[in-house]
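Q: this one's structure only:
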């Protein structure tokens, strides 16, 4: 029987509730955003007692469906001031789903200045004071917790950056090899830190797999679905071999690879950090180029990156991180970037926000463009330890811009703009401007259609069709984010009709219902609208649906592209 | 002949323009806000090339009218993100008025990373590169500049904090004794710093006094007006003797003296920092208890505060500063506070923002409540030198709250809440919430009617009548801020009918026009409305017209008062 679990940190109590009728058909982002929009006052302090931190597996999490193991977290974001959902793989989503926990809601803040952990099993939920793991990094923490329970429990945790409530703090989960995956964006780790909750551990011992109501129908749909993932060239070939970092060369070629804090669209040393180079390096050092972040992943875009001695450095080494510390900071040494990625996973800060921040910090003169060694030092010795400079940098790109008076600060709603220049790829620019999440490429990944020719083609340098593209992608993404599915299923979903129909068939078979494609679209629209309403009530008016001024004043090479959408054009995004 | 002077920092040029018809009847805040609202894009970066920094003397500046020597500065504020006007006394306003400069508009940013100064005389405006004074504090700078020109020129300047573009940076002017007065709030010093303009010097040699069109009528009105200032007990007795610091004991008695970062309304050691104690200290040490900040001031609320050896420490030692570093930071030693006041004047940071910030920093554990010596060290060694910690603290209360994850952060629109608790004095709370300037007591000084029984009495602890009170005061203040008058003329203006009629008579005689009281009210309303429109277009929606959450959750002793206005009630403020 599905249930809602509430944890009240104010009195260290928990309670189990039945799933309200109106939440039954919701999962993942649809559920976290609904709960936040319903229960959190939009103008509250994001780190105060009124905010709630909600975890929810997706609608298909815990089943045998491929790529269904994403865990969503939601809250009011201390970074953007608006609503936030962030998701990642790992083992926690599947375990929560098997335990029948549709949502786990963390409320209130403790009365005493003590740290706590939560342990969830089939039979009990225990809240206990935590001392052993406080101040520890995520790698150490996961090992400590799994040793404590003597088995590979699911772990949802924050590192020191989250404990210190810095606005770049993320929430991490353990992957099947006890390595680190992160729900990266929006400072949700600071919310968890404000609730003095160091980690949640989940033991699903004694629970059966999630059984679909219509098992035969489900199995057939799951087979069709999985085949579409393998058949599409992006999800079946490009991502498995090169990971997301296949994009370095593609974006460089397109002139949309933001370089030196968004002052050029091409990076001269792109080949030194490209997916192709990374693949060769990994293979040569005995690493693993193809690896999944959760059980049941068929795309396997992750990898294990070793150092020159063949020793593990990092996994889940993503394009956005490599772009951000590489091209955007002019750092050419992939080993420096890999070490930084490891540290960020360990101390618990968002690698996108941090990379965009370093570009601004370099412009401010805090360190030099290209100085990978100093970047690593700042991460380990300053941010990780919470020195004054570390706290400055740990607050993200917007904060560093404010503190040093920098005007070229690539943020929307105070969240750092990721790895695709909005002037040269205008569809993603519309997504950055309009996303309820702040600047977030995953909210509506227009790169697919602007650059990769997935789902057709829309000229990246022209304004024509971009608003409709970004709108449709954001609606679809809001629905996908509710299923527990990895966003990369969007590639086959945009090109192979059976992908989406089999996905819907799986949901119908899982719950014994009869959703149509229109229902899924309606769900996506409803999620976006309730998130937008929350943001407006939190004070993020339409003037916040804009890119920073410099994108409209400075052209970017090689296309001399400029951001030229008018406010009125952008506002038509919400006409649906 | 009155003129508008524009300085373009992008090409280091200047030009003189006739006064446009629609600006003829405007001065001070009415003129700065009109120019900013007309010429600055509301969503621009406040430290970028699109912002403009406007200086304007008031309508009566340069005449013989008492207390007419205030200089207004306006721009988009980097602190609040909205429109900003701030004003102070000193000698610059009178000199600009005598030179016929109705507004001086600084536009653009230099192409090169060099500093500049501007020198204005009767015959010329010179822009020159500046090296000698860069990095210097304001006291040193004023002496250096006056020595350079060999006479007491007017000086408008920024200190190191403004050069470093910290958001607490103010703009300072020299007073008649070459000491420092500050246009404190909203980070306008950072705007001046972004334009790489270290100072403006003004030499009015060879200009006659400003002659009213109807001299006899003016002289008679000026006499009546001056008499009302002397007749009213606040402007004629309380302020001249004790300065604004007379308020410590009054607010403590009323339970509205925010203490220990707004956790109590009374400070046990209030008598150690009171105006009465300060008066005795000043007299005992051979200081000056009564002193004016500009020629023609009749109220003389300023003073010269000496140290134990009789050596000058500071002047313009205001209640808000003494409250903020005293009660709010639990610092009991007036000498520590005076030293801090001197340093803030010298390095150029707003003493209110900085004092509120220290309360938050103490709550965050950066220093201990009550540690005046460490506060002085942080000002001198960290903020003044721009260390990482200094830049954290120099960003104001909101920034320190964000960086350390503090939830009790008394700001509205990111600007620190001054010296009167909004729970115990609800009229000023409405002003804080609704003021276009962010939290600013001078925008609508409801303390007058809530606490001092000036202009009648409205019970400070009741919601009844507060919105109407704050609205009427804000309208009147917007008009007064346009005349060049010190706001303290509001005390007689609220109680003695001849004060306001003689003020209007002076304006009419000055320009040969026929304003009525209704015209003045209409001007105040128009100013507020255009400022409000700018703010809305800058993204400061009605959700920003609110006090922080904690005021509605935490009561304050001794009255157990709580902030209980609903959003809907507050929004009725704009019904005019």
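A: Alright, I've got the coordinates. Keep in mind that what you see is a predicted model, and the values were worked out from it rather than measured.
Q: Against the centre of chain A, work out the most remote residue.
A: residue A:216 (33.1 Å; CA atoms, centre = their mean).
Q: What sits closest to the residue of the stretch 401-550 of chain A found nearest chain B if chain neighbours are left out?
A: The nearest approach of the stretch 401-550 of chain A to chain B comes at residue A:405, 2.9 Å away (CB to the nearest CB). Any C-beta I mention is one placed from the backbone N, CA and C, and that applies to glycine too. Nearest non-adjacent residue to residue A:405, counting by CB to CB, 6 or more residues apart in numbering or on different chains: residue B:165, 2.9 Å away.
Q: The one you found reaches residue A:402, doesn't it?
A: No: look at residue B:165 against residue A:402 with CB atoms under 8 Å: they stay out of range, at 9.2 Å.
Q: Could you name every residue contacting both of the two?
A: Listed as contacting both residue B:165 and residue A:402 by CB atoms under 8 Å, 6 or more residues apart in numbering or on different chains are residue B:78.
Q: Can you name the residue of the stretch 1-150 of chain A nearest to chain B?
A: Using CB to the nearest CB, the closest approach of the stretch 1-150 of chain A to chain B is made by residue A:48 at 4.3 Å.
Q: OK, contacts around that residue?
A: By CB under 8 Å, 6+ apart, the contact set of residue A:48 is A:109, A:194, B:407, B:549, B:550.
Q: Can you confirm whether the helix ranked longest in chain A lies near chain B?
A: When chain A is scanned for its longest helix (criterion: DSSP state H), the result is helix A:517-537. Yes: judged by CB under 8 Å from any CB of the partner chain, helix A:517-537 comes into contact with chain B at A:536, A:537.
Q: hey, where'd the helices end up in the stretch 251-400 of chain A?
A: For the stretch 251-400 of chain A, the helices defined by DSSP state H, counting those that start in this stretch occupy A:270-273, A:275-284, A:319-325, A:334-347, A:351-364, A:372-377, A:388-393, A:397-404.
Q: Could you list the buried residues of the second one?
A: Residues A:275, A:277, A:278, A:279, A:281, A:282 are the ones in helix A:275-284 that count as buried (16 or more other CB atoms under 10 Å in any protein chain shown).
Q: re earlier: reduced to three states, what does the residue farthest from the centre of chain A come out as?
A: When classified by DSSP: H, G, I helix; E, B strand; the rest coil, residue A:216 comes out as helix.
Q: got a pLDDT number for the closest residue to residue A:455 other than its chain neighbours?
A: Distances taken as CB to CB, 6+ apart place residue A:494 nearest to residue A:455, at 3.2 Å, with adjacent residues excluded. For residue A:494, the pLDDT comes out at 95.
Q: what number of residues lie near residue A:494?
A: 21 (other CB atoms under 10 Å in any protein chain shown).
Q: Kindly tell me how buried the closest residue to residue A:418 other than its chain neighbours is, as a neighbour count.
A: Nearest residue to residue A:418, sequence neighbours excluded (CB to CB, 6+ apart): residue A:441, at 4.6 Å. Residues within reach of residue A:441, counting by other CB under 10 Å, total 21.
Q: Next: residue A:561.
A: Using other CB under 10 Å, residue A:561 has 22 neighbouring residues.
Q: What of residue A:197?
A: By other CB under 10 Å, the burial measure for residue A:197, its neighbour count, is 25.
Q: ok, the residue nearest to it when sequence neighbours are not counted to residue B:351 distance?
A: Excluding the flanking residues, the one nearest residue A:197 by CB to CB, 6+ apart is residue A:116, at 5.7 Å. Applying CB to CB, to the nearest Å, the value for residue A:116 to residue B:351 is 41 Å.
Q: Which one's more surrounded, these two?
A: Counted by other CB under 10 Å, residue A:116 and residue B:351 do not tie: residue B:351 has more neighbours, with 26 against 20.
Q: If you drop the residues flanking it in sequence, what lies closest to the more buried one?
A: Among residues not flanking residue B:351 along the chain, residue B:321 sits closest, at 4.1 Å (CB to CB, 6+ apart).
Q: Can you check the pLDDT for the one you found?
A: If you check residue B:321, the pLDDT there is 98.
Q: Quick check: the gap between it and chain A.
A: In this structure, residue B:321 and chain A are 24 Å apart, going by CB to the nearest CB, to the nearest Å.
Q: burial measure for that residue, as a count.
A: For residue B:321, the count of nearby residues is 27 (other CB under 10 Å).
Q: just the one 5 residues further on next, same as before
A: Neighbouring residues of residue B:326 were enumerated by other CB under 10 Å; the total is 29.
Q: before we move on, what about residue A:519?
A: Neighbourhood size, residue A:519 [other CB under 10 Å]: 16.
Q: residues contacting it?
A: Counted by CB under 8 Å, 6+ apart, residue A:519 has zero contacts.
Q: do the same with residue A:98
A: A:62, A:204, A:207, A:208, A:209, A:210.
Q: on that earlier part again, show the contacting residues for the residue nearest to residue A:197.
A: A:9, A:12, A:110, A:127, A:128, A:129, A:130, A:196, A:197, A:198.
Q: So residue A:42 sits against residue A:76, correct?
A: Yes: counting by CB under 8 Å, residue A:42 touches residue A:76, with 7.2 Å between them.
Q: hey, what's in contact with both of these two?
A: Shared contacts of residue A:42 and residue A:76 (CB under 8 Å, 6+ apart): A:534, A:538.
Q: Between the two, which is the more surrounded one?
A: Taking neighbours as other CB under 10 Å, residue A:42 and residue A:76 compare with residue A:76 leading, 30 against 19.
Q: got a list of contacts for stretch A:129-142?
A: Here stretch A:129-142 makes contact (CB under 8 Å, 6+ apart) with A:114-117, A:144-145, A:155, A:157-160, A:163, A:172, A:174, A:178-180, A:198-199, A:345-348, A:384.
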